[in-house]
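Peer 1: here is my input, please return the structure:
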Amino acid sequence: MSAIWARPPEFSSPPAQIQEFFVKQEVLHRLPNAPAGRPPVLFVHGAYSAAWIWEEHFLRFFADRGYPAYAVSLRGHGASEGDLSSASFSDYVDDVEIAAKAIGGEPVLIGHSMGGLVAQHYLARGGKAKALVALASAPPSGLRSSALHMTMFAPDVLFQLALLQSLGPNWTSPAVISRALFSSRSTLESKSGLFQKIQRESPRASADLLAPPALSLFDAGKKTPTFVLGGDADVFLPRSALQEIADFWQGDLEVLPGAPHGLMIDTAWRDITAEKIIAWLDAKVAA
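Peer 2: Residues are numbered from 1 along each chain as shown. The predicted model follows:
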C-alpha cells in the first residue's frame, strides 16, 4: 500500500522504494533542486505533534542546503494510521526504523523532545545513522527529571499538559502552552495554527517515557556523531537532561541562551537552531 504523502503538488513523486515500503505512514518531504551528495535527514517529532511541526521551516531550509529532508509522523499522529490509545514507545522506535529503511542509506536523525529519545533507542537497537541531532531531547533516563523540573518551575505547564492529555487541545490555555514552546520574542504570527494541530499523546507511550528501557552501552552505536542542542529557557527540560545525553553519546553539547523548547517553530528558528545544525553537519558529516 502506498504511503500517505502530504506535499505541495509541484513536488515530484516519492521514490518508488518508499512507495512500496511505507504502509499507511505519513512522511512529508522536500528535496534539493539538484543532487548535492549529502545524506538524507529524517526528522522525528515530539509528543502531541506530528510531521507538520517540521514543515513550516525546517524541511525547506534543509533541502535548500542540499539535504533531502523527510519528516515522519509516528503511528496515530498526523495522517499516519495506528491506534494511539495502545501505541507504545517501542512502537514509535519501530516507526523510525521503517522510515529510515525506506528512505535508504544512513540518514541523519534529528529528533525533538520525545522524538529525540525515540531516535536514541533506534540507534541503540542497532539502527544505522550518519549522525544524531538531539534537539531539546528527552535524555536516556526518561522524563522523570522533566516532571520534577516542571513541578518546581512550571506547575501551570504541567497542569495544562494533563488537560491536553485527558480532555484534548480545546481545553488548554493557549497562553500557557505558548509560553512553554516559544520565547518571549516570538510573534503571534509564528504561533498561528499550532492549536489546530496539537493532539493527545498515547497514554501507554507517555508512561513508558517516565521509565524507558535502559539504553545498552554495548549496542548504543557510540561512534555515531552526536550533537545535543537545547535552550536554557526550556520549561520542559533541565540543563542536566541535555548534559546526560551528551555524556552518554560522547557528543557535542550547545546550550542556547534564552531558547525555548519549540526550537524549530520559535521566531529565531533559523539563526539560533537551524544554522547551528547545518554548520555542525557540514563539519561532521558532509565535509
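
Peer 1: can you pull out the helices in the stretch 51-200 of the chain?
Peer 2: 52-55, 58-64, 89-103, 114-124, 144-153, 155-167, 174-181, 188-191 (DSSP state H, counting those that start in this stretch).

Peer 1: among these, which is nearest Val41?
Peer 2: helix 58-64 (5.3 Å; CB to CB). Placement of C-beta: from N, CA and C, glycine included.

Peer 1: tell me what the closest one is packed against?
Peer 2: Helices and strands touching helix 58-64, as assessed by 3 or more CB pairs under 8 Å, 6 or more residues apart in numbering; DSSP states H and E, comprise strand 27-30, strand 41-44, strand 69-72.

Peer 1: a markdown table please, covering those and showing distance to Gln160 and mean neighbour count.
Peer 2: Formatted as a markdown table, these follow (distance: least, CB to CB, whole Å; neighbours: other CB atoms under 10 Å):
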| stretch | distance to Gln160 | mean neighbour count |
| --- | --- | --- |
| strand 27-30 | 27 | 25 |
| strand 41-44 | 24 | 28 |
| strand 69-72 | 25 | 28 |
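
Peer 1: closest one to Val133 among the ones you listed?
Peer 2: strand 41-44 (8.6 Å).

Peer 1: the closest one pairs with which strands, parallel or anti?
Peer 2: Counting by DSSP bridges, the strands paired with strand 41-44 are strand 69-72 (parallel), strand 108-112 (parallel).

Peer 1: residues in contact with that strand?
Peer 2: 51, 54, 58-59, 62, 67-72, 74, 96, 99-100, 103, 107-112, 115-116, 118-119 (CB atoms under 8 Å, 6 or more residues apart in numbering).

Peer 1: what sits against Ala214?
Peer 2: By CB under 8 Å, 6+ apart, the contact list for Ala214 reads Pro140.

Peer 1: then it would be within a strand, right?
Peer 2: No. Per DSSP: H, G, I helix; E, B strand; the rest coil, Ala214 lies outside any strand segment and is coil.

Peer 1: what separation do you get for it and Leu132?
Peer 2: Note on Ala214: its distance to Leu132, by CB to CB, to the nearest Å, is 18 Å.
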